[in-house]
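J.: Okay, here's the prediction I keep looking at, along with the sequence it came from:
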Amino acid sequence: MGEEVNYQDVQFRSMLDQINELFFEFGLKILNMDDISRKLGISKKTLYRYVKSKEDLIAKLFDYEQIKGDEIMDEIGNQNVNAIEKLFKVSLHVFEEMKRFDPKIMFELRKYYEQLFTVFHAQKMAQISRLMKLNLQQGITEGLYRPDLNIDVVVALYINYLVEIHNYDLCKTIDMTFDDLFKILFENHIRAISTTEGVAYFEFRKKEITENLSKNSN
């Protein structure tokens, strides 16, 4: 049981996507392997061709999310646009990903699958950090970001802010939506790291960037 899997296999990816949605809808704890196979319309034998246990399934879901993240980040990184455009796309992707992890899911991940989640979270942060460092280097080369930036510190602070704005208590305290917080965070970040040319470019694109956020959030 639990044969070697291919994460590029269309059928396997579809199965993982469906299981992922089930966990977000019902939670991790309540669903067992019988429930999952029944809701997917497959036999447990078929499910166990790919995974050894529920914990193994969670591990493979994390691996799959990491692979999809790499694909999206690479796609953004390879686009022929400037650093500010890329940073918005990366930031929006991270923001939307994290917005899906409601308190119930986060609680269950930390309580029942803490080790798996810790590894996944570290890998995800490293993934985002890698692309953001490349983005800062590109922006400096393009003259859009300040050349005196401490790249490691800027990346660490920005990622921390992206994570922190998903704190439900924070939103309640200041009576603001996640989307509005993201707009403010992104604009403040750009203004802090940009040259005069970078700020001017952001001002020129600000309206469309905000509209893109609204479209992606609907």
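T.: All right, it came through fine. Residues are numbered from 1 along each chain as shown.
J.: Please make it C-alpha for all contacts and neighbour counts, starting now.
T.: Fine.
J.: The helix or strand hosting residue 17 - contacts with which helices or strands?
T.: With elements taken from DSSP states H and E, the one containing residue 17 is helix 10-26. Packing partners of helix 10-26 (3 or more C-alpha pairs under 8 Å, 6 or more residues apart in numbering; DSSP states H and E): helix 33-40, helix 54-77.
J.: Return the set of buried residues in the last one.
T.: Which is helix 54-77. 57-62, 64-66, 69-70, 73, 76-77 (16 or more other C-alpha atoms under 10 Å).
J.: cool, and stretch 152-162?
T.: So, applying 16+ other C-alpha under 10 Å, buried residues of stretch 152-162: 154-155, 158-159, 162.
J.: Strands - which of these land there?
T.: Among the buried residues of stretch 152-162, no member is found in strands (DSSP state E).
J.: what's the closest of those residues to residue 123?
T.: residue 159 (13.2 Å; C-alpha to C-alpha).
J.: And that closest one, how far from residue 52?
T.: According to C-alpha to C-alpha, to the nearest Å, residue 159 and residue 52 sit 34 Å apart.
J.: Poorly predicted segments of this protein, please.
T.: 1-4, 166-172, 210-218 (pLDDT under 70).
J.: how is it carved up into domains?
T.: 1-52, 54-217 (automatic domain parsing).
J.: Can you say which of these is packed in most?
T.: Among the domains of the chain, ranked by average contacts under mean count of other C-alpha atoms under 10 Å, first place goes to domain 54-217 (a mean of 16).
J.: and the helix ranked longest in the chain with helix 54-77, angle?
T.: Longest helix in the chain by number of residues (criterion: DSSP state H): helix 114-142. With axes from the mean of the first three to the mean of the last three C-alpha atoms, to 10 degrees defining the directions, helix 114-142 sits at 0 degrees from helix 54-77.
J.: Quick one: list the elements packing against helix 114-142.
T.: On a contact count with 3+ C-alpha pairs under 8 Å, 6+ apart, helix 114-142 meets helix 54-77, helix 83-100, helix 151-164.
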